[in-house]
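Q: here are the coordinates; sequence isn't available:
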């Protein structure tokens, strides 16, 4: 399981270098423009395209409402991401946070039966994740990072802190497979954040 988690961290850290080479450790989400997002989303570089998608997962977690809680509908997210990038293509000077708010959170479509409540997903589910599903785990972890950032009222995507948190979560989940993944994320990504 540790290898799967660390693979997810590596994938997420690639985004930092693809999105903001001036300061790879921290990205101020409030300063990202639609122009920035579209430049990455339409790039021929797969890492850049993945970085744009990962930013959208963080935004989706950030925009989640109290009513939606920790329930994520990945089918709907895909549509919301498309709408956001389409809107961004037409409005390059708008901030990505403002654009994502138009289609995510309280403006998202009703959840389908395929929606997953991350609060009931157990650490052991991560243990069974195949190597080819590492991207999916990374996206879930980035959604959780955005969710906790929203609760903390922080718009900073701190990739160093994210990497440290996920590494600690990997160890914790390996030792506590019955623990909920969301509970583990609260321990290491939440406002307390160190999980010691």
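A: Nice, thanks for sending it over. Please read all numbers here as calculations on a predicted model, not as lab measurements. Numbers count the residues shown, from 1 in each chain.
Q: which helix or strand contains the residue nearest the centre of the chain?
A: Centroid-nearest residue in the chain, with CA atoms, centre = their mean: residue 142, separated by 2.2 Å. Taking DSSP states H and E as the criterion, the element that holds residue 142 is helix 134-151.
Q: ok, back up a step: look up how far residue 148 lies from the residue nearest to the centre of the chain.
A: 11 Å (CB to CB, to the nearest Å). From N, CA and C alone the C-beta is placed, and that goes for glycine too.
Q: cool, and residue 39?
A: 27 Å.
Q: what's the overlap in contacts for residue 142 and residue 148?
A: residue 61 (CB atoms under 8 Å, 6 or more residues apart in numbering).
Q: helices and strands of this protein: which one bottoms out on pLDDT?
A: Ranked by mean pLDDT, DSSP states H and E, the helix or strand of the chain with the weakest confidence is helix 2-19, at a mean of 52.
Q: so where do the helices sit in this protein?
A: Secondary structure of the chain (DSSP state H): helices located at 2-19, 34-41, 46-63, 74-90, 96-103, 123-127, 134-151, 159-175, 181-189.
Q: quick one: closest of the ones you listed to residue 111.
A: Residue 111 lies closest to helix 74-90 among these, at 6.9 Å (CB to CB).
Q: any weak-confidence spans in this structure?
A: 1-25, 126-135, 192-196 (pLDDT under 70).
Q: before we move on, the earlier item: can you tell me which of the helices of the chain comes nearest to residue 27?
A: helix 2-19 (6.0 Å).
Q: from what I can see residue 84 touches residue 99, true?
A: Yes - between residue 84 and residue 99 a contact is recorded at 5.2 Å, counting by CB atoms under 8 Å.
Q: can you list residues touching both of those two?
A: In contact with both residue 84 and residue 99: residue 37, using CB under 8 Å, 6+ apart.
Q: that older thread, so which of residue 39 and residue 148 has more stuff around it?
A: Neighbours were tallied for residue 39 and for residue 148 using other CB atoms under 10 Å; the higher tally belongs to residue 148 (21 against 14).
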